[in-house]
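Peer 1: Generate coordinates for the sequence data below:
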Amino acid sequence: MSIYVGNLSYEVTQDDLSQAFAEYGTVKRVQLPTDRETGRMRGFAFVEMGTDAEETAAIEALDGAEWMGRDLKVNKAKPREERGSSGGGNWSNNNRSSRRY
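Peer 2: Just a heads-up that it's a prediction; the model follows:
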């Protein structure tokens, strides 16, 4: 399981996050998603800790804490939802077929 860290400064680095979370245990991995088009950080990250106890300690200590000028939102990451390949195409395809041009 990993930790979701939201409301991050756009200036934060993987090293910054590793150091902040290392106070609560072993940091196994840090992911900083970036925007595909701009390459700019998206303002959130995922952090994996060594144990559930370390994860819980980090969440309790850092959720709502001010860091780099921002109030952090820290909680257990939710599993990624499967996205359909149609991207909502059924709705638009149905509407398209009923339109008259």
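Peer 1: any weak-confidence spans in this structure?
Peer 2: Along the chain, the model assigns pLDDT under 70 to residues 83-101.
Peer 1: If you drop the residues flanking it in sequence, what lies closest to R29?
Peer 2: Sequence neighbours aside, E48 is the residue nearest to R29 in space, at 4.4 Å (criterion: C-beta to C-beta, 6 or more residues apart in numbering). For the C-beta atoms, the positions are set from N, CA and C on the backbone; glycine is no exception.
Peer 1: quick one: strands adjacent to the helix or strand harbouring that neighbour?
Peer 2: E48 belongs to strand 44-49 when assigned by DSSP states H and E. Sheet pairing of strand 44-49 (DSSP bridges) gives strand 3-6 (antiparallel), strand 27-31 (antiparallel).
Peer 1: could I get stretch 29-42 in CSV with only the CA atoms?
Peer 2: The C-alpha trace of stretch 29-42 is given here as CSV (Å, rounded to 0.1, in the frame of the first residue of the first chain):
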residue,chain,number,x,y,z
ARG,A,29,9.7,4.5,-3.2
VAL,A,30,8.5,8.0,-4.1
GLN,A,31,6.5,8.8,-7.3
LEU,A,32,5.9,12.4,-8.5
PRO,A,33,3.5,12.3,-11.4
THR,A,34,4.0,14.9,-14.1
ASP,A,35,1.7,16.4,-16.7
ARG,A,36,2.2,14.6,-20.0
GLU,A,37,1.9,17.8,-22.1
THR,A,38,3.8,20.3,-20.0
GLY,A,39,6.1,18.0,-18.0
ARG,A,40,5.2,20.1,-14.9
MET,A,41,4.6,18.3,-11.6
ARG,A,42,0.9,17.7,-10.9
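Peer 1: Right, I'll leave it there.
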